[in-house]
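# starting from these lines, generate the structure:
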Amino acid sequence: MTTTTTAAGDIGHTGPVAARLARAGQRLRQADRARPWVLDTAVTALVFLMFCLPDLLHHGGAGDGDGDAPHRFHFAFTRLPLAAMLALQAGLVLPLLWRRRRPMAAFVAIAVVFVLQWSLGAALRADVALFIALYSLALHGRLRRLP
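Presented below is the predicted three-dimensional model:
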């Protein structure tokens with residue numbers, strides 16, 4: 001492990017692990033620049049696996065005391081038919097594919113589906129897509145269009 005002294009006099013430790021992580025980060029950024037759709041597809045797939053799949057797997061047992069959520073929440077939201085749930089989840093998750101190339105369009109598409117879903121009185125775990133789209137809009141959107 002190598003020890004370096006910074007201008008403030010603090011001692012920082014760098015080593016082979018940090019160097020490997022830095023090189024891996026550089027390779028990831030280069031790969032992302034070459035094929036940005038790969039990362040966007042990976043983010044979309046990850047959101048589906050983490051937030052849509054649990055709703056689909058527990059759809060049949062919702063409201064049956066499966067312990068997935070407190071009983072007081074079963075009365076607060078409408079239970080959607082499977083086809084409606086799939087359509088809403090697709091509307092929430094698929095626009096994430098365009099989150100960096102067209103951040104405003106992705107955010108608006110997800111926001112429209114989000115408002116429709118909540119007007120039906122339903123709650124889905126895939127609502128996290130709205131926050132991802134908002135983050136992408138702030139990061140990749142044009143500054144003059146953000147307000």
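# going by C-alpha atoms from here, please, whenever you check contacts or count neighbours.
OK.
# and the end-to-end length of stretch 120-127?
14 Å (Cα to Cα, to the nearest Å).
# buried stuff in that stretch?
Using 16 or more other Cα atoms under 10 Å as the test for burial, stretch 120-127 gives 122-124, 126-127.
# just the closest of these to Arg27, please.
Taking Cα to Cα as the measure, Arg27 lies nearest Ala126 of the buried residues of stretch 120-127, at 30.3 Å.
# how much space between the closest one and Met104?
Ala126 is 19 Å from Met104, by Cα to Cα.
# could you do Leu116 as well?
From Leu116 to Met104 the distance is 18 Å (Cα to Cα).
# how about Ala123?
For Ala123, the distance to Met104 - Cα to Cα - is 23 Å.
# could you check how far the nearest residue to Ala133 once chain neighbours are set aside is from Leu134?
The shortest distance from Ala133 to any non-neighbouring residue, by Cα to Cα, 6 or more residues apart in numbering, is to Phe107 (5.0 Å). Distance, Phe107 to Leu134, by Cα to Cα: 6 Å.
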